[in-house]
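> This is a predicted model, with the sequence first.
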Amino acid sequence: MSQTTSPVPGPAAGQHFPGPAGPPSAPPVAAPRMVRQRRRRPGLIALSVALIAVGGLSGAVLYTSSGHRTSVVVVARDVPIGAQITQTDLTEASIALDPAVKAVKASGEKTLIGQRAAVDLKAGSLLSPSEVTRQTLVGPTETLVGVSLKPSQLPASPLSAGQKVLIVSTPDPNAAAGSKSSSGADVPPATLSATVVKVGDPQTGTGTVTVDVAVPAGDGPALAARVATGNVALIVASRDGN
């Protein structure tokens, strides 16, 4: 007896069967973000360290300097050479003083009063011991003569103590015709070198000024006699007296 096998029907066209059951698929994982590393610059780091060190050093120097200040004498106003130094000519200042700078300490200010300026002292400058002297402008072989002069007999520029001048004998208007030599040439006026010691204040009305000058002792009497006649004039010589 024969058996007949019936074909197993296949899936119809377009028909799908589910596959075997399995675990559900996980959602896609996002890629991790790359952390951008900061790039180090050795040169910039070295520069920063150097600036910090310089700042610290400057602060240390400033602190050290401010802690080692010295009170010194400073010229308060201009003082001409030869003039006596007074209290109002000086003041004090506190500065960081270099050991190489020779300056008069404030503690020695009183010893300067009454001394004379050995050079022209300028306002605002430090006073050095070598810039003052106890010597007067009248030497042991000199004499002091007061010369009274009208404005037309002296320069318009102010005179100062220590300045080198020439006292010129001017012609006497009451004398005979001008001085002539045997050859008929004009005789140059007599002159006398002198040093200004003090300049007086102009007189009210006339403007006449008395200038004290130091001259050699042997020439003092003759100069005084000439000054009494009024026949003199004063001119300024070169700074070094040549």
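Now that the structure is in, tell me what you want to look at.
> I'd like to know which elements the one helix or strand Arg226 maps to is packed against.
Using DSSP states H and E, Arg226 sits within helix 220-229. Contacts defined by 3 or more Cβ pairs under 8 Å, 6 or more residues apart in numbering; DSSP states H and E place helix 220-229 against strand 142-149, strand 164-169. From N, CA and C alone the C-beta is placed, and that goes for glycine too.
> Redo these as TSV? Include distance to Asp212.
Shown next, in TSV, are those (distance: least, Cβ to Cβ, whole Å):
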stretch	distance to Asp212
strand 142-149	5
strand 164-169	11
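> Let's have these in CSV, adding mean neighbour count and mean pLDDT.
Output for those, formatted as CSV (neighbours: other Cβ atoms under 10 Å; pLDDT from 0 to 100):
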stretch, mean neighbour count, mean pLDDT
strand 142-149, 18, 94
strand 164-169, 18, 93
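> quick one: low-confidence parts of the chain?
Within the chain, the stretches with pLDDT under 70 are 1-51, 53-67, 172-187, 238-242.
> His68 - how many residues pack around it?
Applying other Cβ atoms under 10 Å, we find 8 residues neighbouring His68.
> Please name whichever of the helices and strands packed on helix 220-229 is nearest to Val75.
Smallest distance to Val75 across the helices and strands packed on helix 220-229 (Cβ to Cβ): 23.2 Å, for strand 164-169.
> what pairs with that closest one, and is each one parallel or antiparallel?
Partners of strand 164-169 in the sheet, by DSSP bridges, are strand 191-199 (antiparallel), strand 232-236 (antiparallel).
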